[in-house]
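Peer 1: with the input below, show me the fold.
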Amino acid sequence: MPILLVQIALILILVRCAYRVIRMFQAARQDWLEILFQVAVFIVALWLLID
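Peer 2: Next up, the predicted model:
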């Protein structure tokens, strides 16, 4: 049960990060540090999910 909850949480993190990056690219002015942070969180969450 706990493993399933962690996997669901990681999937939610991936979806939210992808959504935030897409929204940031649509903005008139991009905050590159925030975009890089969201991409880094996405990569770490994906790595933990695959592992």
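
Peer 1: show the backbone phi and psi for residue 26.
Peer 2: When read as degrees, to the nearest 10, the backbone of residue 26 gives phi -80, psi -20.

Peer 1: how about the helices in this protein?
Peer 2: 2-26, 32-50 (DSSP state H).

Peer 1: would CSV of these with mean neighbour count and mean pLDDT be doable?
Peer 2: Where you see a C-beta, it was placed from the backbone N, CA and C, and this is true even at glycine. Below are the helices of the chain laid out as CSV (neighbours: other C-beta atoms under 10 Å; pLDDT from 0 to 100):
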stretch, mean neighbour count, mean pLDDT
helix 2-26, 12, 94
helix 32-50, 13, 95
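
Peer 1: doesn't residue 13 make contact with residue 46?
Peer 2: No: contact criterion C-beta atoms under 8 Å: residue 46 and residue 13 do not qualify, at 9.1 Å.

Peer 1: what is in contact with those two at once?
Peer 2: Common neighbours of residue 46 and residue 13, counting by C-beta atoms under 8 Å, 6 or more residues apart in numbering, are absent.

Peer 1: so who does the spatially most central residue of the chain touch?
Peer 2: For the chain, the residue sitting closest to the mean C-alpha position, by C-alpha atoms, centre = their mean, is residue 17 at 2.8 Å. By C-beta under 8 Å, 6+ apart, the contact set of residue 17 is 38, 39, 41, 42, 45.

Peer 1: which one of those is nearest residue 27?
Peer 2: residue 38 (12.8 Å; C-beta to C-beta).

Peer 1: would you enumerate the residues in contact with that closest one?
Peer 2: Contacts of residue 38 (C-beta under 8 Å, 6+ apart): 17, 20, 21, 24.
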